[in-house]
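In: Quick one, structure for this:
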Amino acid sequence: MPDHPKKHHFVPQLLLRRFADPAERLIVHRVMAQKQYQASVTNVGHRNFGHTLYRPGRAPDHTTLEAAMSQIEGDAMAAIRTLDAARSRALRGDACEALAWLLALQWQRSRFLMYVVAREVDTESQGQQASQEEMQTSLLGLLDSYVISPWTMRHEDVCPKERWNYLVSLLASMHWSCYRPRAGGLLVGDNVVCFSGYVGSDPPSLPPGVYDHGVGAGLHECKRITVPLGDSLALLICRDPDEARRLDTAVLNRFTVFNSREFVAHSPGWAAAHPRLAHELSTWPEIQHMIAPAFLQDYGISGVM
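Out: Sure, this is the predicted structure:
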């Protein structure tokens, strides 16, 4: 038996468990297939050997990136447990830092983002396509350069640019708060970094509702970022400090569905416990299914990284 798991999760299992039932079961809604099924946490949000590095003349490296990412996830989960215990809307600076690095990791290892970049590289390669293993190794090298290495050196006395990450820096300038629905009801998706709204200086080029799907607005133009961290906890990261008071569970779930590229999920008992939210969930995937083909670029149809 191999001494390393083949299922490499791009959505942390520690996070998925916070939405599952005690038996670690989830009901998974596929975005484009328009179907749902029950699955265990271990079988959701992963690729077989999706974080493996393939280098010429060497055995595949299945563990280096997995170990490094586990450390970032571990720091973030410690911060989440602190938030669970604190029960306040405010966050301390150390919790913000740990969670900001998790969000940077989630953004960079998004399989949809990797797919889009790989597709662009293939288009520019003039027919000289790299193998999937070569492409994966190259894209994971960017993750190492932009997230893992800066995270490792963030407290070291090195050149500032070597411990800098664009998304972490942006998030530090925004207003953070916790959202805690008393009855729970929050959903999780394959993309937990949910962008919505538009506050750019130029007139919006798309209908306003499209920006809630996490497209059209750059990092400096989105209005807010919402992050589901559990059935009863979410991060609200907003440009307007009063924005957080205008959001509720239904709105956050809508952002989660609209930012999903593969799936959204909840516990098996979620629909019975939250009939109004379940009714709304019956319509949002249909909207996503209509809008998503405009930006998914055949993701999940002609191939998935």
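In: switch to C-alpha atoms for all contacts and neighbour counts from now on
Out: OK.
In: mind checking the SS state of residue 27?
Out: Under the three-state scheme (DSSP: H, G, I helix; E, B strand; the rest coil), the conformation of residue 27 reads as strand.
In: Can you verify my assumption that it contacts residue 189?
Out: No. Using CA atoms under 8 Å, residue 27 is not in contact with residue 189; the gap is 11.3 Å.
In: so what sits against both of the two?
Out: Each of residue 265 lies in contact with both residue 27 and residue 189 under the rule CA atoms under 8 Å, 6 or more residues apart in numbering.
In: of those two, who's got more company?
Out: Counted by other CA atoms under 10 Å, residue 27 and residue 189 do not tie: residue 189 has more neighbours, with 29 against 23.
In: If I follow the layout properly, the more buried one ends up in contact with residue 254?
Out: No. With the criterion set as CA under 8 Å, residue 189 and residue 254 do not qualify as a contacting pair; they are 10.8 Å apart.
In: Where do the helices of the stretch 1-150 of the chain begin and end?
Out: With DSSP state H, counting those that start in this stretch as the criterion, the stretch 1-150 of the chain has helices at 13-16, 64-86, 93-108, 111-124, 132-143, 149-152.
In: and residue 89, how many neighbours?
Out: 14.
In: Can you check my assumption that residue 264 lies in a strand?
Out: Yes. For residue 264, which was evaluated using three-state DSSP, the result is membership in a strand.
In: Quick check: phi and psi on the nearest residue to it once chain neighbours are set aside?
Out: The spatially closest residue to residue 264, leaving aside those adjacent along the chain, is residue 189, at 4.0 Å (CA to CA, 6 or more residues apart in numbering). Geometry field for residue 189 lists phi and psi as phi -130, psi 180, criterion degrees, to the nearest 10.
In: OK, contacts around residue 189?
Out: By CA under 8 Å, 6+ apart, the residues touching residue 189 are 256-257, 259-260, 262-265.
In: quick one: it and residue 203, what's the gap?
Out: Between residue 189 and residue 203 the distance is 30 Å, computed by CA to CA, to the nearest Å.
In: With residue 225 instead?
Out: With the distance defined as CA to CA, residue 225 ends up 20 Å from residue 203.
In: which of the two has more neighbours?
Out: Each of residue 225 and residue 203 had its neighbours counted (other CA under 10 Å), and the higher figure belongs to residue 225 (23 against 8).
In: What strands line up against the helix or strand hosting that one, and which way round?
Out: Per DSSP states H and E: residue 225 is located in strand 224-230. Paired strands of strand 224-230, with direction, are strand 194-196 (antiparallel), strand 233-238 (antiparallel) (DSSP bridges).
In: CSV please, covering these and showing distance to residue 35.
Out: As requested, these are arranged in CSV below (distance: least, CA to CA, whole Å):
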stretch, distance to residue 35
strand 194-196, 22
strand 233-238, 26
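In: Tell me which of those strands sits most buried.
Out: Scoring the strands paired with strand 224-230 by mean neighbour count under mean count of other CA atoms under 10 Å gives strand 194-196 as the most buried, with a mean of 27.
In: distance between that strand and the chain's centre?
Out: For strand 194-196, the distance from its own C-alpha centre to the chain's C-alpha centre is 10 Å (CA atoms, centre = their mean, to the nearest Å).
In: what bits of the stretch 101-250 of the chain have low per-residue confidence?
Out: For the stretch 101-250 of the chain, residues meeting the criterion pLDDT under 70 lie at 125-128.
In: if we can go back for a sec, and residue 60, which of the strands paired with strand 224-230 is closest to it?
Out: Closest of the strands paired with strand 224-230 to residue 60 is strand 194-196, at 32.9 Å (criterion: CA to CA).
In: Just give me how far stretch 63-79 sits from the chain centre.
Out: On CA atoms, centre = their mean, the centre of stretch 63-79 falls 15 Å from the chain's centre.
In: can I get the CA coordinates of that stretch in PDB?
Out: What follows is stretch 63-79, C-alpha atoms only, in PDB (Å, rounded to 0.1, in the frame of the first residue of the first chain):
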ATOM      1  CA  THR A  63       3.800  14.800  -0.600                       C
ATOM      2  CA  THR A  64       5.800  18.100  -0.700                       C
ATOM      3  CA  LEU A  65       3.000  20.400  -1.600                       C
ATOM      4  CA  GLU A  66       0.400  18.500   0.300                       C
ATOM      5  CA  ALA A  67       2.400  18.800   3.500                       C
ATOM      6  CA  ALA A  68       3.000  22.500   3.000                       C
ATOM      7  CA  MET A  69      -0.600  23.200   2.300                       C
ATOM      8  CA  SER A  70      -1.700  21.200   5.300                       C
ATOM      9  CA  GLN A  71       0.300  23.600   7.500                       C
ATOM     10  CA  ILE A  72      -1.500  26.600   6.100                       C
ATOM     11  CA  GLU A  73      -4.800  24.800   6.500                       C
ATOM     12  CA  GLY A  74      -3.900  23.900  10.100                       C
ATOM     13  CA  ASP A  75      -3.100  27.500  11.000                       C
ATOM     14  CA  ALA A  76      -6.400  28.600   9.500                       C
ATOM     15  CA  MET A  77      -8.400  25.900  11.300                       C
ATOM     16  CA  ALA A  78      -6.900  27.000  14.600                       C
ATOM     17  CA  ALA A  79      -8.100  30.500  13.900                       C
END
